[in-house]
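Asker: My questions concern the predicted model and sequence given below.
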Amino acid sequence: VKVNNNNGGFSDDDYDDSKLQRTESISVASATDRAHSFELTTPKRTYLLSCSNNQDLNEWIDHLEKSIFGGRLYQGWLIKRGAYRKSWKKRWFVIYDTQEMRYYDDQSRKEPKGLIKLHEVLLMCPGDKDQYSQPYTIQLMTPDRNWVMATSSQKERDEWFGRLEETIHGAKRLITSHEGYLWKRGQVVKSWKKRYFALSKGWLFYFEEQFHCNKFKSIAFFSEAFFNQAFRLYVKGSIPLHQTTVQKVDPSQLKKSAKSQKNVNVFNDNDMDSNNNNNKEDMMDKEYVFKIITEKREFQFATETKSDLEKWFKAFHSTHSANGYNDEESEMTETATATHDHEDDEYDDLLSGLSRNQSDLLDSDGNDEPPQPKDNNNNNKTKK
């Protein structure tokens, strides 16, 4: 028996992540006077054990490893960022089916360095190149630490991301079936604003720019609180498509409405045109218009081309094809009623915690009432 007297052999850089429990490693002994030997390393001691033949050796190592660590699901080289020194070191990572990811000095797994408890991960996302100076990084956020690992290519990062997402279970990600820019008409001030929209599982989300959509899509959430926080950060609004009607709008009706609209004074914000005449012209310029009618509100949208309009209509039909639509019904129509099963909607529970509006739209472009003037005398309010 060899006794290890240096705290398990952890370097100062890896000491913060070395909260290993149970046996730390099992490996074939490299220097011993007995054949068919292996080392069983614990936090306090390293045991040297020997078998009668090589077959027994392999069987013992295989059974012990599965019993102690679980089955190996995926393994490979990653560059890990230190918690304190922020230096980068190459480590051999192994994902086990016990929802643990352990890392070592090399492929022999003889010298363990630490572990990440995957069941504690709150969110996972690609890292920022400007922040970490590495082009292909993965962030794993746990209650105790923000883990950052880097791969050598985009393909490797996608593979690790997928393997981790499969292992951790319960991930919530925005998976879209159709995306693109649309013009959205305000409810109070009838101006048009260009937003980036994404259709996903019975919901229509919209963002200020495509960048915000891509950022939100890249995150895998394992915590409702973190989902809500990111939603408020990146998403401008969302429309549930439960029992909704999607309908083409005759542009001539919009023109009549614009001509008959009287000049009104409204409070201005960054998203609204202060010139009401410009709003009228914008309304008359939109040719490819459709509306979504929900139980509480009607929304008007416009596309740049007829082709885009047809693509969006097909996308709405495809989203609900499992609820009674076939290929023929998915062709361009004047009106389409879309139904959706609440039980199949994974966003319902998550979005129910967001109390930004009482309507069925979580809309940061404007409220149901005109914006109120700011109280300049109250300097104690915190700006968001």
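Answerer: Yes, it's here. Numbering: from 1, shown residues only.
Asker: Confirm that Arg102 sits in a strand.
Answerer: Yes - read with DSSP: H, G, I helix; E, B strand; the rest coil, Arg102 is one of the residues of a strand.
Asker: Pull the contacting residues for it.
Answerer: Applying Cβ atoms under 8 Å, 6 or more residues apart in numbering to Arg102 gives the contacts 20, 69, 93-94, 96, 109, 112, 114-116. Heads up, the C-betas are built off the backbone N, CA and C, glycines and all.
Asker: Neighbour count and distance to Lys194 added to those, as a markdown table?
Answerer: Written out in a markdown table, the entries for these read as follows (neighbours: other Cβ atoms under 10 Å; distance: Cβ to Cβ, whole Å):
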| residue | neighbour count | distance to Lys194 |
| --- | --- | --- |
| Leu20 | 19 | 53 |
| Phe69 | 22 | 53 |
| Phe93 | 19 | 43 |
| Val94 | 22 | 47 |
| Tyr96 | 21 | 48 |
| Arg109 | 21 | 53 |
| Pro112 | 25 | 53 |
| Gly114 | 21 | 48 |
| Leu115 | 21 | 47 |
| Ile116 | 22 | 42 |
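Asker: Take the residues you listed and lay them out in a markdown table including distance to Lys314.
Answerer: Formatted as a markdown table, these follow (distance: Cβ to Cβ, whole Å):
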| residue | distance to Lys314 |
| --- | --- |
| Leu20 | 54 |
| Phe69 | 49 |
| Phe93 | 43 |
| Val94 | 45 |
| Tyr96 | 44 |
| Arg109 | 52 |
| Pro112 | 53 |
| Gly114 | 50 |
| Leu115 | 48 |
| Ile116 | 43 |
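Asker: Identify the bridge partners of the closest residue to Arg173 other than its chain neighbours.
Answerer: Taking Cβ to Cβ, 6 or more residues apart in numbering as the measure, Arg173 lies nearest to Ala220, with 5.1 Å between them; neighbours along the chain are not counted. Ala220 forms beta bridges with Met124, as assigned by DSSP bridges.
Asker: In the contacts of Arg102, find the pair that's most separated.
Answerer: When Cβ to Cβ is used, the two most widely separated members of the contacts of Arg102 are Arg109 and Ile116, lying 15.3 Å apart.
Asker: returning to what we had before: gap between the residue nearest to Arg173 and Gly76?
Answerer: Spatial separation of Ala220 from Gly76 under the definition Cβ to Cβ, to the nearest Å is 19 Å.
Asker: same check, this time on Asn58
Answerer: For Asn58, the distance to Gly76 under the criterion Cβ to Cβ works out to 22 Å.
Asker: what do you get for Cys213?
Answerer: Using Cβ to Cβ, Cys213 is found at 30 Å from Gly76.
Asker: which residues of the stretch 201-350 of the chain score low on pLDDT?
Answerer: 251-284, 320-350 (pLDDT under 70).
Asker: can I assume the residue nearest to Arg173 is in contact with Ala171?
Answerer: Yes - contact status for Ala220 versus Ala171: in contact at 4.2 Å, counting by Cβ atoms under 8 Å.
Asker: can the contacts of Arg102 go into TSV with extra columns for secondary structure and pLDDT?
Answerer: As requested, the contacts of Arg102 are exported to TSV (DSSP: H, G, I helix; E, B strand; the rest coil; pLDDT from 0 to 100):
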residue	secondary structure	pLDDT
Leu20	coil	44
Phe69	coil	80
Phe93	strand	97
Val94	strand	95
Tyr96	strand	93
Arg109	coil	79
Pro112	strand	76
Gly114	strand	90
Leu115	strand	91
Ile116	strand	95
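Asker: tell me which of those is nearest to Asn53?
Answerer: Of all the contacts of Arg102, Arg109 has the smallest distance to Asn53: 22.5 Å, by Cβ to Cβ.
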